[in-house]
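**Q** Just a sequence and a predicted model for now, questions to come.
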Amino acid sequence: MNSKIEIMDWPKLTLEDWFKQYGAWISINRMRGGHEPDQLEINQIYWLAREKEAKIRPNSKQVIIEISDFEALQVEKMIYELKHSKTICKFARPAINLFIEKWVCGLSLDQMAERFKLSRSSINSMLYAGEFYLAGHDKRLKLNKKFAFK
């Protein structure tokens, strides 16, 4: 028997992009409730509808899914492991949870401040802390940041 082995390519996207893609994948899967019309995938329906438009309107909130189901399930597994890991200290856990929440749900700083009853600067600081903690915790993940120092 020959079975195909899939290997996750973590450096393909940044940490933020993996979470954004996973959030988009979750929302598409929620919309798939019943049978797709004509056996088309949701992305195909979306692009068929967009072809009718003369010019595509830019939208910074829009995320086009670029990951496969396998990759989405690997990101889901990583999030589960991060949320239940014994190696992450209790002080870093809120920062990591905020970072994951921001990118998976696509929240702005104002929305997060409203939801978690914290100031924007506190949220922003915790987001940076969560991102850098995750990048240090799991070396497979890459950051989106460019540093002035070497």
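**A** Structure received. The structure displayed is predicted, hence computed values, not measured ones.
**Q** where does this structure dip in pLDDT?
**A** Where the chain drops to pLDDT under 70, the residues are 1-2, 29-61, 145-150.
**Q** what ranges do the helices span in it?
**A** Listed in chain order, the helices of the chain (DSSP state H) span residues 15-31, 42-51, 69-83, 93-105, 109-116, 120-137.
**Q** could you dump these to JSON lines with mean neighbour count?
**A** Backbone N, C-alpha and C define where each C-beta goes, glycine included. Shown next, in JSON lines, are these (neighbours: other Cβ atoms under 10 Å):
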{"stretch": "helix 15-31", "mean neighbour count": "18"}
{"stretch": "helix 42-51", "mean neighbour count": "12"}
{"stretch": "helix 69-83", "mean neighbour count": "15"}
{"stretch": "helix 93-105", "mean neighbour count": "20"}
{"stretch": "helix 109-116", "mean neighbour count": "14"}
{"stretch": "helix 120-137", "mean neighbour count": "17"}
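**Q** quick one: which of these is nearest Glu6?
**A** With Cβ to Cβ as the criterion, Glu6 lies closest to helix 69-83 of those, at 5.0 Å.
**Q** Other residues contacting that closest one?
**A** Contacting residues not belonging to helix 69-83 are listed as 6, 8-9, 18-19, 21-22, 25-26, 67, 88, 96-97, 100, 104, 134, 137-138 [Cβ atoms under 8 Å, 6 or more residues apart in numbering].
**Q** In contact with the closest residue to Ala95 other than its chain neighbours, which residues?
**A** Closest residue in space to Ala95, ignoring its immediate chain neighbours: Gly130 at 3.7 Å, by Cβ to Cβ, 6 or more residues apart in numbering. With contacts defined as Cβ under 8 Å, 6+ apart, the neighbours of Gly130 are 92, 95-100.
**Q** Quick check, central residue of the chain?
**A** Phe19 (1.2 Å; Cα atoms, centre = their mean).
**Q** Turn the helices of the chain into CSV, including distance to Gln62.
**A** Formatted as CSV, the helices of the chain follow (distance: least, Cβ to Cβ, whole Å):
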stretch, distance to Gln62
helix 15-31, 9
helix 42-51, 10
helix 69-83, 18
helix 93-105, 15
helix 109-116, 17
helix 120-137, 21
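**Q** So which of those is nearest Val63?
**A** From the helices of the chain, taking Cβ to Cβ, the stretch that ends up closest is helix 15-31, at 4.1 Å.
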